[in-house]
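> Below are the sequence and a predicted model; questions follow.
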Amino acid sequence: MRRFLLLALTLAAAGGCRVVPVDQGGAMGWTRGYLVTPAAGSPAVLYLWVTNPTSQADTVIGVRTPIAARAEVHRDMPMGNGMSHMTPVAELPVPAHDTLRFAPGGLHIMVVDLTRPIARGDSARVTVTFRRAGDVAGWARVIGYVDVDTAVVQPAHGGG
């Protein structure tokens with residue numbers, strides 16, 4: 001147990017977010033928070049993993065960060081011909097004993113009207129609000145677009 005706690009604390013410090021134990025004994029939460037630096041005048045994009053190790057489903061009902069006027073959950077929807085469009089998602093169910101992965105081409109969070117500039121290497125406080133579990137706050141690390149495949153995409157497919 002001591003080794004697990006040391007590993008969890010190390011990962012939390014390195015990844016900049018709350019660690020939820022994999023043993024299914026933990027609480028509703030999120031991990032792997034990555035905020036991608038925006039192009040000038042554009043919103044930033046936030047990716048994370050929402051984890052529900054409990055025996056009851058819950059629902060994401062909001063996301064906020066003090067570095068932006070608002071944060072909106074979106075889903076990319078294919079339109080054909082390799083094109084897609086974003087559809088806002090007001091509520092997002094999280095089944096019991098499951099993890100939802102926010103990643104390119106799927107679920108993502110648009111962080112709109114930044115209140116300050118962000119740069120690669122920074123971190124930002126993020127709060128995800130669940131209907132049952134309430135607010136779960138943590139830190140998302142700011143990465144560049146060149147880092148997305150390594151930080152966000154590959155772990156989602158590798159299960160790590």
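Nice, I can see it. Numbers count the residues shown, from 1 in each chain.

> quick one: contacts for the residue nearest to Arg120 when sequence neighbours are not counted?
Distances taken as Cβ to Cβ, 6 or more residues apart in numbering place Gly144 nearest to Arg120, at 4.6 Å, with adjacent residues excluded. From N, CA and C alone the C-beta is placed, and that goes for glycine too. Contacts here follow Cβ atoms under 8 Å, 6 or more residues apart in numbering; on that basis Gly144 touches Val36, Thr37, Arg120.

> What separation is there between the second one and Trp139?
Look at Thr37 and Trp139: by Cβ to Cβ, to the nearest Å, they are 16 Å apart.

> same deal with the first one?
Spatial separation of Val36 from Trp139 under the definition Cβ to Cβ is 15 Å.

> neighbour count winner among these two?
For Val36 versus Trp139, the count of surrounding residues by other Cβ atoms under 10 Å is larger for Val36: 25 against 18.

> Surely that one touches Ser42?
No. Contact criterion Cβ atoms under 8 Å: Val36 and Ser42 do not qualify, at 10.2 Å.

> picking that back up, among the contacts of Gly144, which lie within strands?
Under the assignment DSSP state E, those contribute Val36 to strands.

> can I get the contacts of Gly144 in TSV with distance to Thr127 and pLDDT?
Below are the contacts of Gly144 laid out as TSV (distance: Cβ to Cβ, whole Å; pLDDT from 0 to 100):
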residue	distance to Thr127	pLDDT
Val36	19	96
Thr37	21	95
Arg120	22	95
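
> between the contacts of Gly144, which is nearest Ala151?
Nearest to Ala151 among the contacts of Gly144, counting by Cβ to Cβ, is Val36 at 9.1 Å.

> List the contacts of that closest one.
Applying Cβ under 8 Å, 6+ apart, we find Val36 in contact with Ala44, Val45, Leu46, Tyr47, Val142, Ile143, Gly144, Tyr145, Asp147, Val148.
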